[in-house]
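>>> no FASTA, just this:
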């Protein structure tokens, strides 16, 4: 029987507590021998990021080969938590971090087993020479290996969040530091030495090392008056010799403001990496560099491709003398190759492997992000798409792509074992983010992925499907006739309906970045609203990734203009189509999405309420008080500062509170180094001065995003209570949020 209740007041079994503690954020999977490793951020432990593995090979011997990829979930292999509390595998390089750990195969593992590096969203593969063998006892610091022998489990190196030191350990043992404590530097805002994207390499003399992206904060300032920071590829001794002596860290490459993706050639004589300088961001312009390696350092290097207007990403060696990488020179991130046999100074022109109006890469927010994975010298797995992502096999000789049949619409990482076992992390329209394993079969007659099954879901407590919405990618006309992309989630709960003629309230969700994308996939956070009768539309405004360089560049110099106009255009479309109630439109977003939220509220009359999470309110304050990675981001989004100071002041929502008449909820972490609390507090004070209903919740111990369960619960319940008060419904079982004036 269908029960009739107003939109917004449907009771739902999806609680804020379930959102906070019922699931864990999973990292990209990585094979280490026959075991599958990944990371999990545990909300119940304050967001601590641990390392997890399967108890045994998740591929069973009696898998049926029926030739079809299935979203079914066979009983998962038992999992083992490898990294003990209180250690937290999380890097602060660029503040957003990235790949933060690596597992080196144990003596008992197959000698052909790869080692891998990974974190919550990124991973990198072994480079250089033959596969890395197990490490001898003398190669690690005392106390890491059991007495008298080699490790019987993989040796794990990881960056610990609190002190940013690298530690080594074997499962069951006590982690030992192998990196030094940097000197105290006041401008660093924490440890002055930081590490990310570990890469196991085999040098030309056969030695095994692990190279890292090292971020070193120094006393003093650069020529622009900014804090002095150097980043370079560094070799960190595995035996702990550098733990008390920073001079033992070997600097492999020259310093750059930013660099990523180090890849050593199979013969150990050439190193490829990407670098960029202020004011570029990695999706604006990067350089593909090639260096000649001698004695474990780069002695000569040059630029192979890229520049200030071309973004190149993820170089990897197809074979000695040939690099495969991704470039958006054609207007889309597509695969390219370049020959390197002639050395750094004489490489021929790059060659585009295929010209496809789809994205084969994305924005490099975290070090180690990976979109291409080599199968052999002639084939690679590619994550690609536009509004949605898929996985295919790219023929590196012909440029042809064979799509693999998958239910996934969003894929964030893959790992392939030599025997064809393939692990991937992704989500679909009907399945939450999960790690799945299948078997990649050779082209007889074509490539296919068989026996796909879930090994670990981000939500083992998935609710009844009747509570879940179905995402609908939509494209609407923008204010100038251009296309604007979004993902629509209509209110839905089996057994409930609204009174005849009532239109639902709708919330516009605005992604962060702003260089980012709203993925098409199942989200419990969105279902929290839709199962109660509140619609959600996730907006990919101009400037979003996934739709080509031209769409991404629409936001150049126009942040606070194009994003606002596109968001309003989507909401007007929903109203004109009779999908949303024009009097009950809300908007919410975090970080850059918080900026667009506040800009929409102060510059338009479209919305009746807004929720900003750690959002930007004042551009001048952000330009003067943010971290290095994004310190010149605004040059491209708005204009160089202080030359464009008048535009900064004119665009800032803080300076247009007089035009605001609707209530606002502000959510903020007190340790946020990216958007400091002063942004929210200035806006709060302006709201109070105008007696506009508002609430400000400051969460202790939170940075850029909320990780503690109690704070996740409080933020979701406060938002729902806030919308209920403004939109005229009473959400069942939710604490009342007091609004101030």
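Here it is on my side, so go on. Every value quoted in this text rests on a predicted model; they were computed, and no experiment measured them. Numbers count the residues shown, from 1 in each chain.
>>> now the element after the strand or helix carrying residue 413, going C-ward?
Assigned by DSSP states H and E, residue 413 belongs to strand 408-416. Using DSSP H and E, the helix or strand that follows strand 408-416 in sequence is strand 421-428.
>>> pLDDT on that next one, on average?
The average pLDDT within strand 421-428 is 95.
>>> need the longest strand for this structure.
Determined from DSSP state E, the single longest strand within the chain is strand 208-221.
>>> so what angle separates the directions of the very next helix or strand once past that one and strand 208-221?
Where DSSP H and E defines the elements, the next helix or strand beyond strand 208-221 is strand 227-235. Orientation check (axes from the mean of the first three to the mean of the last three CA atoms, to 10 degrees): strand 227-235 against strand 208-221 gives 170 degrees.
>>> which positions within strand 227-235 qualify as buried?
For strand 227-235, the neighbour count (16 or more other CB atoms under 10 Å) marks 227, 229, 231, 232, 233, 234, 235 as buried. Where C-beta positions appear, they are placed from N, C-alpha and C, glycine not excepted.
>>> closest to residue 698 out of the residues you listed?
Residue 698 lies nearest to residue 227 out of the buried residues of strand 227-235, by CB to CB, at 26.2 Å.
>>> bridged to the closest one, which residues?
Beta-bridge partners recorded for residue 227 (DSSP bridges): residue 221.
>>> run through the stretch 501-650 of the chain and note the low-pLDDT ranges.
Along the stretch 501-650 of the chain, no part satisfies pLDDT under 70.
>>> hey, where'd the helices end up in it?
Here the stretch 501-650 of the chain has its helices, by DSSP state H, counting those that start in this stretch, at 524-530, 549-552, 562-576, 592-603, 619-624, 633-637, 645-651.
>>> and the buried residues of strand 227-235 as JSON lines, adding pLDDT?
Formatted as JSON lines, the buried residues of strand 227-235 follow (pLDDT from 0 to 100):
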{"residue": "227", "pLDDT": "90"}
{"residue": "229", "pLDDT": "96"}
{"residue": "231", "pLDDT": "98"}
{"residue": "232", "pLDDT": "98"}
{"residue": "233", "pLDDT": "99"}
{"residue": "234", "pLDDT": "98"}
{"residue": "235", "pLDDT": "98"}
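>>> returning to what we had before: which of the helices of the stretch 501-650 of the chain sits most buried?
helix 592-603 (a mean of 28; mean count of other CB atoms under 10 Å).
>>> quick revisit: closest to residue 90 among the buried residues of strand 227-235?
Closest approach to residue 90 among the buried residues of strand 227-235 (CB to CB): residue 231, at 18.1 Å.
>>> nearest spatial neighbour of that closest one, skipping sequence neighbours?
Of all residues not flanking residue 231 in the chain, residue 215 sits nearest, at 5.1 Å (CB to CB, 6 or more residues apart in numbering).
>>> what bridges to that neighbour?
In beta-bridge terms (that is, DSSP bridges), residue 215 pairs with residue 194, residue 231.
>>> just checking, residue 580 touches residue 574?
Yes. The pair residue 580 and residue 574 qualifies as a contact (CB atoms under 8 Å) at a distance of 4.0 Å.
>>> name the residues contacting each of the two.
Taking CB atoms under 8 Å, 6 or more residues apart in numbering as the contact rule, residue 580 and residue 574 both touch 506, 535.
>>> show me this structure divided up by domain.
As given by automatic domain parsing, the domain ranges for the chain are 26-58+77-196, 371-462, 463-727.
>>> okay, those domains in a markdown table with distance to residue 9 next?
Rendered in a markdown table, the data for the domains of the chain read as follows (distance: least, CB to CB, whole Å):
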| stretch | distance to residue 9 |
| --- | --- |
| domain 26-58+77-196 | 28 |
| domain 371-462 | 24 |
| domain 463-727 | 7 |
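>>> tell me which of these lies nearest to residue 205.
Nearest of those to residue 205, taken as CB to CB: domain 26-58+77-196 at 9.5 Å.
>>> buried stuff in the helix or strand where residue 375 lies?
Secondary structure assigned from DSSP H and E places residue 375 in strand 372-376. By neighbour count on 16+ other CB under 10 Å, the buried set for strand 372-376 is 372, 373, 374, 375.
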